[in-house]
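Q: pasting the sequence and the predicted model now:
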Amino acid sequence: MKILALVFALLFVSAPPASVYDFKLKTIDGSNFSLKKYKGKKILVVNTASKCGFTKQYADLQKLSETYKDKLVVVGFPANNFGQQEPGSDAEIKTFCSDLFKVSFPMSTKVSVKGDDISPLFKYLTETENPDFTGEVKWNFEKFLLDENGKLIHRYRSAVTPMDSKITAAL
């Protein structure tokens, strides 16, 4: 009976997440948060970097966040996976985003979006089937659009800008 209980416990603990709401995350300030608090709104998850050719997309991410605030939450996830383009600390990243782009949308602590140390959230997002494509993140500023129930509905590569009609039409 004890063996059966142990096997059940191991299976239960290692069960895959049912949705993005199952992940425990940290804000750029170090506080705990969950995407669950945004249930009922679409969520745009974006891996970001401060020293990238796409960094100017922060301005459009902020504009998107403000324009569609009643039905969308943009959440930035700084990552240093590509060309050391996000070398700063969380405090430095926060200051950079605030000072240069007036970012007010939620930002996560720095994460990894690919490789052996990939964030569990990004592992889930890159392996979850969607109508666009699956597989590892190829570069900074890839975007994952989740519906009001946390289901991945679209994924966009870096070159698709936040205010592109491909994104805004899905809102």
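A: Looks like it came in fine.
Q: and Val111, how far is that from Lys123?
A: 11 Å (CB to CB, to the nearest Å). Just so you know, the C-beta spots here come from the backbone N, C-alpha and C atoms, and that holds for glycine as well.
Q: those two: which has the busier surroundings?
A: The residue with more neighbours, out of Val111 and Lys123, is Val111; 20 against 17, by other CB atoms under 10 Å.
Q: can you check the pLDDT for that one?
A: Note for Val111: predicted pLDDT of 98.
Q: who's in contact with the spatially closest residue to it that is not a sequence neighbour?
A: The spatially closest residue to Val111, leaving aside those adjacent along the chain, is Ser119, at 4.0 Å (CB to CB, 6 or more residues apart in numbering). Applying CB atoms under 8 Å, 6 or more residues apart in numbering, we find Ser119 in contact with 77, 111-113.
Q: for the residue positioned nearest the centre of the chain, give its distance to Ala18.
A: Closest to where the C-alpha atoms of the chain average out (CA atoms, centre = their mean) is Val45, at 3.2 Å. Val45 sits 17 Å away from Ala18, going by CB to CB.
Q: circling back: nearest to Pro162, out of the contacts of Ser119: which one, please.
A: Of all the contacts of Ser119, Phe77 has the smallest distance to Pro162: 14.4 Å, by CB to CB.
Q: does the closest one really touch Val46, like I thought?
A: Yes: using CB atoms under 8 Å, Phe77 is in contact with Val46, at 6.7 Å.
Q: give me the low-pLDDT residue ranges for this structure?
A: 1-16 (pLDDT under 70).
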